[in-house]
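Asks: Have a look; sequence and predicted model below, questions after that.
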Amino acid sequence: MERFLYAKHIGLKRRVRRLGVIMLVLLAVVTLRLIQLQIIFGDTYRTLSDGNRFRLLRLDAPRGLILDRDGEVLADNRSAFTLTAIPREIENPEATLERLDRLVALEPERLDTAANRLSTLRHSSTNMAMHLSIKEDMPFYEIARVEEAMTDLPGIVIASRPVRRYAYGDLAGTVLGYLGEVDMTELNRFGDRGYTLGSLIGKTGIEAVCEEYLRGVDGGLYVEVHSVGKPQLETYFREGRREQSWVDSLGRRLRTEKRRDPVPGDNVYLTIDKHIQKLCEKALAGAAGAVVVMDADTGELLGLASRPTYDPNIFVGTGNASEVTRVLNDPKHPLLNRAFQATYAPGSVLKPIVAIAALERGAIDPETQLTCYGSYDLGRIFRCWNRNGHGTISLVDALAYSCDVFFYQVGDRVGHRAITTYCGMFGLGQPTGLELGGERRGLVPTVEWKRRHFGEGWYRGDTANLSIGQGAILVTPLQMATVYAALVNGGRLLRPHLVHRVVSEDGEPVLQPETEVVSVLDVRQETLRIVTAGLRKGVEKATYPTGTGYRARVKGADVIGKTGTAQVVTQKRDEIEDEELESTPYELRDHAWFVAAVTGKQPRIVVCVFVEHGGHGGEVAAPIAGNLIRGIYQGEVGAQPEVMATAEIDNAGAEG
Ligand SMILES: [Zn+2]
């Protein structure tokens, strides 16, 4: 008897222990679920007494707006009808999808993804509010077709969801970026912030950079569920207005409770001026290239254009697959922003830095006279763009007429180490720090770099090339804009930026980035004055001859600037040296540069124009810059371009 009791006691103990473990596991599950629900719903779960009779459904938060500096809306939301599945409510995924495919014709790829996700998510308890979108942005006739069949489609809901809209199509496309569904990597990283499979997330541009502000907080509501029938969102018309209410498959009106409205994302105001951005993009019409317009005192980007570009609206919804494929495979890479995600040889727009290095190191002074006979012999002949030679000139004229031979000699005197040091000081070879991702740092070739990559030493010819911005040196148009801003703002290297301010939906300031000075350059003001005098003479109306940048001249504005014509493939180019631009294959044509600054007006701005394979900077890029400046200060400067005397055009620099 005692033994029996003892045995019974042991058995009981064991059972109690086992029960305890089960209880603990259950408690853990419940706790986890509670934590989960509280992330979405705060404390509402606790007060919901008969939770098992209700289903939690997600309400998407409208994404914050993206606006220009003056509040012009660039990206907002429209409401679109999305065919949505609630995985937990679907009993037979195959049959349901087959039925839907017959009603609205789903793309095969889409169908496969939906089938896979439905079968994995159906039994998952990780997210009760999970919605799986099957087809976005449905046309009205498809909605009607699905709604008619709704009672046979348990777990399928037509939800009105906010959908991104880019108000001006491709305007600032590569700046704004686009949205896409979260991938597994993003889900692992941000899963704790309320993202679930199917959530949208910024993939590129401002959409990606400002994701945390733009996103907002999804809401939700509990919908009553009877033991028979599943909740359906029923759409009906009342007094001409489309309204929705929840019913079950037997048509019974369902109660909704604990509705928590979604919190819209914050609004992001860009430094971009829509009017200027438009001018920049129009200026590049038909060409490939980039235009940067920057406030020279704050680093605010008023325009950041790149061509070709794309319309981010094509990434919204599922109906543009062919257009998306075309854009992704376009050999001209429209997704690339050429202002900062591509690098090019600067050509003569680098000369101001070479001049500064030489002046600061005492290799030349403003009075130094050097002679150009049209070429310079370094064992190999280095030519000036002007085969007749510029004669004996000083630095100001060498900048104005962009004399190559003058700069070969300057390079020889000051040495490549000084030039690369000053290139580095001006931020070349480093990212500018722009908010957007994928910025290229460019390349400032050094002795060490050359040895590492080519296994050979540095030659005088390398210095000659570097002195006119050719050879291995690579820069981005955005870097050149920051260099020229420093020339006119007293030597402050600024971080260019695009976010002007972030404001919550109810108008509270969230973020206000300030002007960021990366460094104050160790350059004398007198040096900056001499170099800018050369750049002024390059543009202004001189007696004879005119500078290479005269086509950027704007009546009534103090414009300084520098042309650049960057050779693409030096060796191949030599063979077709004297041929016309039209007969040169596109990919071998020179890149055209013009970097200008307007100093006499407020705000003081820098305009960097880069035309990929455009030809001569003076002929192609300078007039674009001039037209832009006229457009930007319209009303303040002469609206009509100056008519040039024919003789002046003939004798003006063709370089750049
Ligand atoms: Zn010359």
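Replies: Happy to help now that I have it. In this text, all values refer to a predicted model and were calculated from it rather than measured experimentally. Numbers count the residues shown, from 1 in each chain.

Asks: Reduced to three states, what does T527 come out as?
Replies: The local conformation at T527, judged by DSSP: H, G, I helix; E, B strand; the rest coil, is helix.

Asks: My understanding was that it contacts R361; is that so?
Replies: No: assessed by C-beta atoms under 8 Å, T527 is found out of contact with R361, at 10.4 Å. (Glycine included, C-beta is placed from N, CA and C.)

Asks: Looking at the two, which one has more neighbours?
Replies: The neighbour comparison of T527 against R361 (other C-beta atoms under 10 Å) goes to T527, with 19 against 16.

Asks: Enumerate every residue touching the more buried one.
Replies: Going by C-beta atoms under 8 Å, 6 or more residues apart in numbering, T527 touches 356, 359-360.

Asks: Counting neighbours, which of these comes out on top?
Replies: Highest neighbour count within those: I356, with 27 neighbours (other C-beta under 10 Å).

Asks: Would you pull up the residue in the stretch 151-300 of the chain closest to the ion?
Replies: The minimum distance from the stretch 151-300 of the chain to the ion, using C-beta to the ion, falls at G289 (26.7 Å).

Asks: Over to the stretch 401-550 of the chain?
Replies: C403 (3.3 Å).

Asks: residues near that residue, how many?
Replies: C403: 31 neighbours (other C-beta under 10 Å).

Asks: cool, and the one 3 residues further on?
Replies: Other residues near F406 number 30, with proximity taken as other C-beta under 10 Å.

Asks: Wait, a helix at it?
Replies: Yes: residue state for F406 (three-state DSSP) corresponds to a helix.

Asks: is it true that it touches L370?
Replies: Yes: if you go by C-beta under 8 Å, F406 and L370 touch, sitting 5.0 Å apart.

Asks: Tell me the residues that contact both of the two, please.
Replies: 393, 398.

Asks: near the ion, which residues of this protein?
Replies: Counting by C-beta under 5 Å from the ion, the residues of the chain close to the ion are 372, 384, 386, 390, 403, 405.

Asks: what about stretch 334-347, how long is it end to end?
Replies: 24 Å (C-alpha to C-alpha, to the nearest Å).

Asks: cool, stretch 196-207 as well?
Replies: OK, stretch 196-207 end separation, C-alpha to C-alpha: 18 Å.

Asks: Likewise for stretch 585-600?
Replies: Taking C-alpha to C-alpha as the measure, stretch 585-600 stretches 41 Å from start to finish.

Asks: Distance from that stretch to the middle of the chain?
Replies: Relative to its chain's centre, stretch 585-600 lies at 22 Å (C-alpha atoms, centre = their mean, to the nearest Å).

Asks: Tell me where the stretch 51-200 of the chain has strands.
Replies: Here the stretch 51-200 of the chain has its strands, by DSSP state E, counting those that start in this stretch, at 54-59, 66-67, 73-85, 132-135, 156-166, 179-181, 200-202.

Asks: Give me the below-cutoff pLDDT ranges for the stretch 1-150 of the chain.
Replies: Scanning the stretch 1-150 of the chain with the threshold set as pLDDT under 70 gives 1-55, 123-130.

Asks: what's the answer for the chain, then?
Replies: By pLDDT under 70, the weakly predicted segments of the chain are 1-55, 123-130, 225-244, 247-252, 318-319, 542-544, 569-583, 637-656.

Asks: domain ranges for the chain?
Replies: 2-47, 52-268 (automatic domain parsing).

Asks: Report the two of the residues of the chain next to the ion separated the most.
Replies: N386 and V405 (8.7 Å; C-beta to C-beta).

Asks: and for these two, which residues touch both?
Replies: 372, 374.

Asks: So these two - more neighbours on which side?
Replies: Neighbours per residue (other C-beta under 10 Å) separate N386 from V405, with V405 holding more: 25 against 20.

Asks: wait, isn't that one in contact with L378?
Replies: No: using C-beta under 8 Å, V405 is not in contact with L378; the gap is 11.0 Å.

Asks: Look up phi and psi at E257.
Replies: Main-chain torsions, E257, degrees, to the nearest 10: phi -140, psi 160.

Asks: List the beta-bridge partners for it.
Replies: Per DSSP bridges, the residues bridged to E257 are Y222.

Asks: residues touching the residue nearest to T174 when sequence neighbours are not counted, list them.
Replies: Nearest residue to T174, sequence neighbours excluded (C-beta to C-beta, 6 or more residues apart in numbering): N337, at 4.0 Å. Contact analysis of N337 by C-beta under 8 Å, 6+ apart lists 174-175, 290, 304, 306, 436, 438.

Asks: tally of neighbours for G457?
Replies: When neighbours are counted by other C-beta under 10 Å, G457 comes out with 9.

Asks: Which residue is the nearest non-sequential neighbour of it?
Replies: G457 sits nearest to R451 (C-beta to C-beta, 6+ apart), 6.8 Å away.

Asks: Surely the one you found is in contact with D462?
Replies: No: under the criterion of C-beta under 8 Å, R451 is not in contact with D462, lying 11.7 Å apart.

Asks: ok, those two, which is more surrounded?
Replies: Comparing R451 with D462 by other C-beta under 10 Å, the one with more neighbours is D462, at 19 against 12.

Asks: Contacts only, for that one.
Replies: Counted by C-beta under 8 Å, 6+ apart, D462 has contacts 416, 445, 450, 471.

Asks: Most neighbours among these, please name it.
Replies: The member of the contacts of D462 surrounded by the most neighbours (other C-beta under 10 Å) is H416, with 23 neighbours in all.

Asks: My understanding was that that residue contacts Y459; is that so?
Replies: No: contact criterion C-beta under 8 Å: H416 and Y459 do not qualify, at 9.7 Å.

Asks: and for those two, which residues touch both?
Replies: Counting by C-beta under 8 Å, 6+ apart, nothing touches both H416 and Y459.

Asks: Buried residues in stretch 457-472, which are they?
Replies: Buried residues in stretch 457-472, counting neighbours by 16 or more other C-beta atoms under 10 Å, are found at 458, 460, 462-472.

Asks: Stretch 431-447 now?
Replies: Going by 16+ other C-beta under 10 Å, stretch 431-447 has these buried residues: 431-432, 434-436, 438-439, 441-446.

Asks: tell me how far the ends of it are from each other?
Replies: For stretch 431-447, the end-to-end distance is 21 Å (C-alpha to C-alpha).

Asks: Spell out which residues sit in contact with the residue nearest to W458 when sequence neighbours are not counted, please.
Replies: For W458, ignoring the flanking residues on the chain, the nearest one in space by C-beta to C-beta, 6+ apart is V447 at 4.5 Å. By C-beta under 8 Å, 6+ apart, V447 lies in contact with 416-417, 457-458.

Asks: State the distance from V447 to H497.
Replies: Here the criterion is C-beta to C-beta, to the nearest Å. By it, V447 lies 34 Å from H497.

Asks: got it, and G564?
Replies: In terms of C-beta to C-beta, G564 sits 25 Å off from H497.

Asks: same check, this time on I206
Replies: 11 Å.

Asks: and for these two, which residues touch both?
Replies: In contact with both I206 and H497: E435, using C-beta under 8 Å, 6+ apart.

Asks: Hmm, Y484 is touching A597, no?
Replies: Yes: with contact defined as C-beta under 8 Å, Y484 reaches A597; the gap is 5.3 Å.
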